[in-house]
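S.K.: Pasting the sequence and the predicted model now:
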Amino acid sequence: MIDGFVALYIFMLAAFTGHEIIARVPVILHTPLMSGSNFVHGIVLVGAMIALGHATTPFGIGLGFVAVLLGAGNAAGGYVVTERMLEMFKPSGGKPGDKA
């Protein structure tokens with residue numbers, strides 16, 4: 001029972017700290033921050049894959065599968081968003097023959 005409260009406390013502390021840090025980031029730094037957070041999403045995905053590999057119960061396997069699915073979507077979506085954000089900073093006029 002105590003372990004559940006400790007886990008809930010750690011989750012709430014991490015959520016509050018994350019919100020406070022992200023809320024104070026200037027708009028111009030969101031692209032580098034997103035790029036760095038993609039690294040963390042990759043680590044979360046690897047952790048979810050390891051948890052799925054060690055799951056033995058049907059509930060654990062289902063939860064691990066959902067974790068891998070959401071982690072992969074989060075990591076891939078982060079790279080897509082970062083790429084779109086970087087496209088906004090490229091000059092619109094290019095040399096002839098350059099890809100638009």
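M.R.: Received, thanks. Residues are numbered from 1 along each chain as shown.

S.K.: In the chain, where is pLDDT below threshold?
M.R.: By pLDDT under 70, the weakly predicted segments of the chain are 1-2, 30-31, 35, 93-100.

S.K.: for it, longest helix please?
M.R.: With secondary structure taken from DSSP state H, the chain has its longest helix at helix 58-87.

S.K.: what sits against the residue most central in space within the chain?
M.R.: By CA atoms, centre = their mean, the chain has its centre lying nearest to residue 41, at 3.7 Å. With contacts defined as CB atoms under 8 Å, 6 or more residues apart in numbering, residue 41 is in contact with 71, 74, 75, 78. For the C-beta atoms, the positions are set from N, CA and C on the backbone; glycine is no exception.

S.K.: I'd say the first one and residue 52 touch.
M.R.: Spelled out, that is residue 71. No: using CB atoms under 8 Å, residue 71 makes no contact with residue 52, being 10.0 Å away.

S.K.: And residue 56, how close does it get to residue 62?
M.R.: 12 Å (CB to CB, to the nearest Å).

S.K.: repeat for residue 18
M.R.: According to CB to CB, residue 18 and residue 62 sit 27 Å apart.

S.K.: Not counting stretch 21-31 itself, show me its contacts.
M.R.: 33, 82, 85, 86, 89.
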